[in-house]
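> Sequence first, predicted coordinates after that:
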Number of protein chains: 2
Amino acid sequence: MVSREAIHTLLYPNSIAVIGASRNPKKIGFQIVYNLVKDGYRGRIYPINPYANEIMGFKAYPSIKEVPDEIDLAVISIPADKVEKAVKDSIDKGVKALVVIASGFSEVGNIDMERAIVDIVDSAGVALLGPNVVGVLNTTHSMNLSFCPSLPYKGRITMITQSGALAIGLVGWTWANRIGLSKMVSIGNMAQIGFEEMLEYLEGDDDTDTILLYMESVKDGRRFVDVARRVSMYKPIVAIKAGRSVRGAKAAMSHTGSLAGDVKLYDVAFREAGVIPAYGLEDGFDKALALHLQRPMKGGNIVVVTNGGGAGVLASDFAEENGLPLKDLPSDLMNSVRRVISPFGSPRNPIDLTGNAYKDDYIEVLEKVLTHPWVDGVVAIYVHAAITDPLEVADGIVSVANKYPDKPLTMAMIGGREVAIANAWLRDNGIPVYPSPRRAISAMSALYQYGKFLNRQLPRK
Amino acid sequence: MVSREAIHTLLYPNSIAVIGASRNPKKIGFQIVYNLVKDGYRGRIYPINPYANEIMGFKAYPSIKEVPDEIDLAVISIPADKVEKAVKDSIDKGVKALVVIASGFSEVGNIDMERAIVDIVDSAGVALLGPNVVGVLNTTHSMNLSFCPSLPYKGRITMITQSGALAIGLVGWTWANRIGLSKMVSIGNMAQIGFEEMLEYLEGDDDTDTILLYMESVKDGRRFVDVARRVSMYKPIVAIKAGRSVRGAKAAMSHTGSLAGDVKLYDVAFREAGVIPAYGLEDGFDKALALHLQRPMKGGNIVVVTNGGGAGVLASDFAEENGLPLKDLPSDLMNSVRRVISPFGSPRNPIDLTGNAYKDDYIEVLEKVLTHPWVDGVVAIYVHAAITDPLEVADGIVSVANKYPDKPLTMAMIGGREVAIANAWLRDNGIPVYPSPRRAISAMSALYQYGKFLNRQLPRK
């Protein structure tokens, strides 16, 4: 079993040897050194290459064993049949963590070759990520130890992905959508470190408050549930489980050699462990963002506040389909809302402020709703109207929502360019905002599911 | 029954009287004149206002009856209780179409007031849009006859919406997502013109090739099915049906006074009529875009081509969940694909090109897939990889996909800013592209459903 300290070194090394470092920009061994430097890694870097004296200004060594200093981590990007030797040399040198980028192991049937490496690292107490990974990206350590062209947008969500390609593709996505990550970790073949070990580490990671998984399979279902349930008590976990269908499971087998397993088993395991299921990439990020920015719902009463009736109808539909049906407001709340909204609006649930609503109308109604004890969560909807500046409305929403952090709020803003600007501002100020009622409701359902899980964990009297 | 010619005048008038035109920028009567001018309307404009001589440079008249020229259309934005008189005056003047922006009719219980107006326009053979509408936006006529701040992005999809707020909010959305509309028509209370009449007109509208509906209810279910089925033979219809849930139906009743009806009845009606159901706004536009840009699938065999294994697994899942399960490729196709892809890839379905795939790899494989008789449709996936320029890949996809227009193709591109640029280019060049496998598959399922409907209409031998 790999130690917490070894995994910490994997994510926060102070010195890195790059075995297979190259001067050829097309080689991964070049890109790793380049990315470390370009993205601001502040530790020491030792390129290992028997045919070079110097790479990108760093003195190169023919073997890791000839480096005169201590080394925390070695990243290995050489052909598969040479990896075992490099692993041994690295351990002899005293590294605490290994990242094996190289592919050509269990994912193509070379199971013994992979097993041999695991035996070596296990008995040495060294952490092993891979083989067959893109690498580790840690924004809080300014470390792009990978062949992703950049670090993700910085934040406090950590994503663990069994697909390396998705790690690369999603880095750009985090910038485009302003979803901040602490770490993006590609775990590849999971020969030693799998979801279980990463979750165990992340439980105590001060830089991570929310966890997002792209998962095709787990190594040990029972252990995954045990670990995930413990971690979920402190940090929400969202899982995009791929291979849910018959054909998807077959594709997962061909992709990562994963036994994707029966989807119903995963559903039960997730529920038991408090893991929030997500359906695809957008839903995964949507839910992780909501769980990162907002607190879980304490009960099941949501209120929809909208300036567009149609958007309110759509929200009502999706709420019901997500197990969070809107209910009638308590009469005192309905009456106090009725007194302040337009006579053409509706004080029911959804509350319809009509298209004439300004910033102050949102503030006034949200203040009443968020302070009412019956209310557990609010979905605010703004459909861009001719008369209002969405940034002003956003400012109003932020001012009132952040006064009552115990009542979670998600938002949908429907419109074009002005709305996109307001959305960026909302996300940067703690409001999970989405382009449609459907997604705002799905995000709220994650806060509901997580709250239900936490409630179940309370001691019964 | 309103004539086709009258509805044509409603959408393409050569002269417009604005009853309730105003010099106060906060009034809708100002915004309508302003928007007509600003967005390039080329017909004549007559402001009607008893207290002004001139509005925005146009001579104003105290009554429509005093205008010395012929007038095609009158738009009415005055208090509800004065609308009937304005309607009568307009008909006396000889208009062929009326747009009643004013609200305060059946949606707040004033059913008789609305009925009286309908009786007048019906017996005069005049088209009536409204009351309680945002207006008519027609990009092919450069006419923004509404209080939407701008025309939508120009194209060949026409959207008919029962929610006026959504009309305004979605105009910006069409620009942000490069989804081109011919017309956006807010039909409000549907006192005379409803979905049935609009569909009937659009069947013969040369500027419209795809129709998107936001619908809470229809006036006459049987007639809707009859009309929609006939129109669907020539032009696909996508419907976002709101009020599907118990609570959503209640909200629809409070929003538009709609009897949203049993969702199962709508499902059956849509299937019978070939109307493609959409779940929310994004799904509605996603499907309309695919149906606008690509031809329907002739059978049920789709092939997924991806450079990311995980994205391929997700696509497999969603395909199965959308009733389009991936099947094994015929062995001749699989073998010919195997010969050209990386040995680390997979020639099965999904075809995995691996992260090393360049533009030419996509072209070579897509050429084989699109020309194979077994294949009915292709979902291409590009996960942004370190080594490739997404715009180059996009260029390759366009070149090969547009050679075989009979085989529909949708695409998912996962990444950040570079991918957004490539996506804009893809959409402008006929490829419906989406940010996730889930949405690319959902769009393909619309092409499948529409193809199935068309197949059912073929004469049986």
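The structure has been received and is ready for your questions.

> residue contacts, the nearest residue to residue A:363 once chain neighbours are set aside?
Sequence neighbours aside, residue A:396 is the residue nearest to residue A:363 in space, at 4.6 Å (criterion: Cβ to Cβ, 6 or more residues apart in numbering or on different chains). (Each C-beta comes from the backbone N, C-alpha and C, glycine too.) The neighbourhood of residue A:396, defined by Cβ atoms under 8 Å, 6 or more residues apart in numbering or on different chains, consists of A:359-360, A:362-363.

> ditto for residue A:70
A:15, A:94 are the contacts of residue A:70 under Cβ under 8 Å, 6+ apart.

> State the three-state secondary structure for it.
coil (DSSP: H, G, I helix; E, B strand; the rest coil).

> any idea how far residue A:378 lies from chain B?
16 Å (Cβ to the nearest Cβ, to the nearest Å).

> re earlier: any of the contacts of residue A:396 buried? List them.
Burial by neighbour count, 16 or more other Cβ atoms under 10 Å in any protein chain shown: within these this picks out A:359, A:362-363.

> Out of those residues, which comes closest to chain B?
Minimum distance to chain B across the buried ones among the contacts of residue A:396 is 14.5 Å, recorded for residue A:362 (Cβ to the nearest Cβ).

> Name the helix or strand of chain A that has the lowest mean pLDDT.
helix A:246-256 (a mean of 84; mean pLDDT, DSSP states H and E).

> quick one: which of the contacts of residue A:396 is nearest to residue A:282?
Of all the contacts of residue A:396, the one sitting nearest residue A:282 is residue A:362; the distance, using Cβ to Cβ, is 26.0 Å.

> ok now the helix or strand that contains the closest one, how far from the chain's centre?
Under the criterion of DSSP states H and E, residue A:362 resides in helix A:359-370. The chain centre lies 31 Å from the centre of helix A:359-370; the measure is Cα atoms, centre = their mean, to the nearest Å.

> Okay, now the sheet partners of the helix or strand just after that helix, with direction.
Sequence-wise, the next helix or strand downstream of helix A:359-370 (DSSP H and E) is strand A:377-383. Taking DSSP bridges as the criterion, strand A:377-383 forms sheet pairs with strand A:302-306 (parallel), strand A:409-414 (parallel).

> can the ones you listed go into JSON lines with extra columns for mean pLDDT?
Converted to JSON lines, the strands paired with strand A:377-383 look like this (pLDDT from 0 to 100):
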{"stretch": "strand A:302-306", "mean pLDDT": "98"}
{"stretch": "strand A:409-414", "mean pLDDT": "98"}
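
> Next, count neighbours for residue A:109.
11 (other Cβ atoms under 10 Å in any protein chain shown).

> just the contacts of residue A:396 now: which is nearest residue B:272?
After measuring the contacts of residue A:396 against residue B:272 - Cβ to Cβ - the closest member comes out as residue A:362, at 42.3 Å.

> pLDDT at the residue lying closest to the closest one once chain neighbours are set aside, what is it?
Distance criterion Cβ to Cβ, 6+ apart; nearest residue to residue A:362, sequence neighbours excluded, is residue A:396 at 5.1 Å. Turning to residue A:396, the model gives it a pLDDT of 96.

> same thing with residue A:109?
For residue A:109, pLDDT reads 89.

> how much space between it and residue B:15?
76 Å (Cβ to Cβ, to the nearest Å).

> show me what contacts residue A:17?
Residue A:17 touches A:46-48, A:64, A:67, A:71, A:73-75, A:90, A:93, A:95, counting by Cβ under 8 Å, 6+ apart.

> before we move on, the earlier item: pipe the contacts of residue A:396 into a markdown table and attach pLDDT per row.
Shown next, in a markdown table, are these (pLDDT from 0 to 100):
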| residue | pLDDT |
| --- | --- |
| A:359 | 95 |
| A:360 | 95 |
| A:362 | 97 |
| A:363 | 97 |
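
> Three-state assignment for the residue sitting furthest away from the middle of chain A, please.
Distance from the centre of chain A peaks at residue A:343, with 43.4 Å (Cα atoms, centre = their mean). Under three-state DSSP, residue A:343 falls in the coil class.

> Distance of it relative to residue B:108?
For residue A:343, the distance to residue B:108 - Cβ to Cβ - is 9 Å.
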